[in-house]
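A.B. asks: coordinates only, sequence not included:
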Ligand code: PBG
């Protein structure tokens, strides 16, 4: 049917009509809020490159989680910043580590809030690489054992989902095996399956104090030019036991999200990363774009591409906005 019989504008005339035919939605239920947990007590240390985001002590993180829950957001993902870093990242798998303490404290107060943990060594190693460094290179197989230990200690503390973000080969399988052997077959794995070596992680590295001390992450994170390879990475992680597969970053990789969802039909998470957040905040603060509007447009685009869930620093802002509409 063509114009003048078909007039697409007929269904755009008012908000009720537009709502009736709306194809994609963003709900607080689709969002996961990242939290940076550091040492100390009653400590809130703002991250200068991420307005509205701060490193929190465990007690403050619990308070933040209460707010998150009240806004209808179902899950948080925790990143730990230990007091001391060392070459093997021992803080990552210590039962008294900062994330392990945070999980216990959150679960005690808010048992129904889903706690996801980032499983990686970069926040805990003194060189800030995501694994064990041997002769200037990250040793893949030596790292697997430590990642499995880390995931296991998160599960023991009460994590619902563990999220390996290191990009070592074989880590999902190693983690699944360690969890199953220790009675944690119900702890799910959200694998950072297609994680690109991206400039968009800049502000996160300030927040997590995890800028590599030498070199960069291109020998383990993916080349931004590749999509077929992303599909192979996702296939591997699914075969090794991933329950949810993640694409990261989100905004510059919407095509990857789309292809992963179409090809595998698995639950897909997308990480709307720190740089994507900071760009919008900065432009908003300068009055160059309408921050709220652009935020919702970006979140919608990630859902439209096929993401079931979005990890985003905007989760609270978006949930507040949605509640007021
Ligand atoms: C740890 C990790 C990173 C992010 C999530 N987990 C940093 C990195 O790989 O350099 C980035 C998140 C963000 O930028 O918001 N490996």
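C.D. replies: Perfect, I can see it now. For clarity, every value in this text was computed on a predicted model and none was experimentally measured. Numbers count the residues shown, from 1 in each chain.
A.B. asks: C-alpha only now, for contacts and for neighbours.
C.D. replies: Noted.
A.B. asks: Scan the protein for its longest helix.
C.D. replies: Longest helix in the chain, counting residues (DSSP state H): helix 140-157.
A.B. asks: Going by contacts, tell me the helices and strands next to that one.
C.D. replies: helix 98-109, strand 114-119, strand 132-134, strand 161-164, helix 171-181 (3 or more C-alpha pairs under 8 Å, 6 or more residues apart in numbering; DSSP states H and E).
A.B. asks: My guess is residue 191 contacts residue 164. True?
C.D. replies: Yes: under the criterion of C-alpha atoms under 8 Å, residue 191 makes contact with residue 164 at 5.4 Å.
A.B. asks: More neighbours: these two, which one.
C.D. replies: residue 191 (30 against 25; other C-alpha atoms under 10 Å).
A.B. asks: In a strand, that one, correct?
C.D. replies: Yes: counting by DSSP: H, G, I helix; E, B strand; the rest coil, residue 191 is part of a strand.
A.B. asks: Cross-check residue 84 against the secondary structure; I expect a helix.
C.D. replies: No: counting by three-state DSSP, residue 84 falls outside a helix, being coil.
A.B. asks: Alongside the ligand, which residues does the stretch 151-300 of the chain contribute?
C.D. replies: For the stretch 151-300 of the chain, the contact set with the ligand under C-alpha under 6 Å from any ligand atom comprises 165-166, 201, 204, 273-274.
A.B. asks: out of those, which is most surrounded?
C.D. replies: Neighbour counts for those, by other C-alpha under 10 Å, peak at residue 166, which reaches 26 neighbours.
A.B. asks: does any bit of stretch 83-95 sit next to the ligand?
C.D. replies: No: residues of stretch 83-95 are not located near the ligand by C-alpha under 6 Å from any ligand atom, the shortest gap being 11.9 Å.
A.B. asks: who touches the residue of the stretch 101-250 of the chain found nearest the ligand in this structure?
C.D. replies: Nearest residue of the stretch 101-250 of the chain to the ligand, counting by C-alpha to the nearest ligand atom: residue 201, 3.4 Å away. In this structure, residue 201 makes contact with 273-275, judged by C-alpha atoms under 8 Å, 6 or more residues apart in numbering.
A.B. asks: do residue 89 as well
C.D. replies: Shown in contact with residue 89 (C-alpha under 8 Å, 6+ apart): 121-126.
A.B. asks: quick one on the thing from earlier: check for me that the residue of the stretch 101-250 of the chain closest to the ligand belongs to a helix.
C.D. replies: Yes: counting by three-state DSSP, one finds residue 201 located in a helix.
A.B. asks: so where's this protein uncertain?
C.D. replies: Within the chain, no stretch has pLDDT under 70.
A.B. asks: Just the strands from the stretch 151-300 of the chain, written as ranges.
C.D. replies: Using DSSP state E, counting those that start in this stretch, the strands assigned to the stretch 151-300 of the chain run over residues 161-164, 188-195, 244-248, 268-272.
A.B. asks: Packing partners of the third one?
C.D. replies: Using 3+ C-alpha pairs under 8 Å, 6+ apart as the contact criterion, the elements in contact with strand 244-248 are strand 188-195, helix 228-240, strand 268-272.
A.B. asks: what pairs with the shortest one, and is each one parallel or antiparallel?
C.D. replies: Read that as strand 268-272. strand 244-248 (parallel), strand 309-312 (parallel) (DSSP bridges).
A.B. asks: want to try a markdown table for those strands, with distance to residue 183 as columns?
C.D. replies: What follows is the strands paired with strand 268-272, written out as a markdown table (distance: least, C-alpha to C-alpha, whole Å):
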| stretch | distance to residue 183 |
| --- | --- |
| strand 244-248 | 20 |
| strand 309-312 | 27 |
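A.B. asks: and residue 174, which of the ones you listed is closest to it?
C.D. replies: strand 244-248 (16.2 Å; C-alpha to C-alpha).
A.B. asks: Can you tell me what sits against the closest one?
C.D. replies: Taking C-alpha under 8 Å, 6+ apart as the rule, strand 244-248 contacts 189-196, 234, 237-238, 253, 256-257, 266-273.
A.B. asks: swap in stretch 261-277?
C.D. replies: So stretch 261-277 is contacted by 50, 199-204, 243-251, 257, 260, 302, 306-314 (C-alpha under 8 Å, 6+ apart).
A.B. asks: chain center to it: distance?
C.D. replies: Distance of stretch 261-277 from its chain centroid, counting by C-alpha atoms, centre = their mean, to the nearest Å, is 9 Å.
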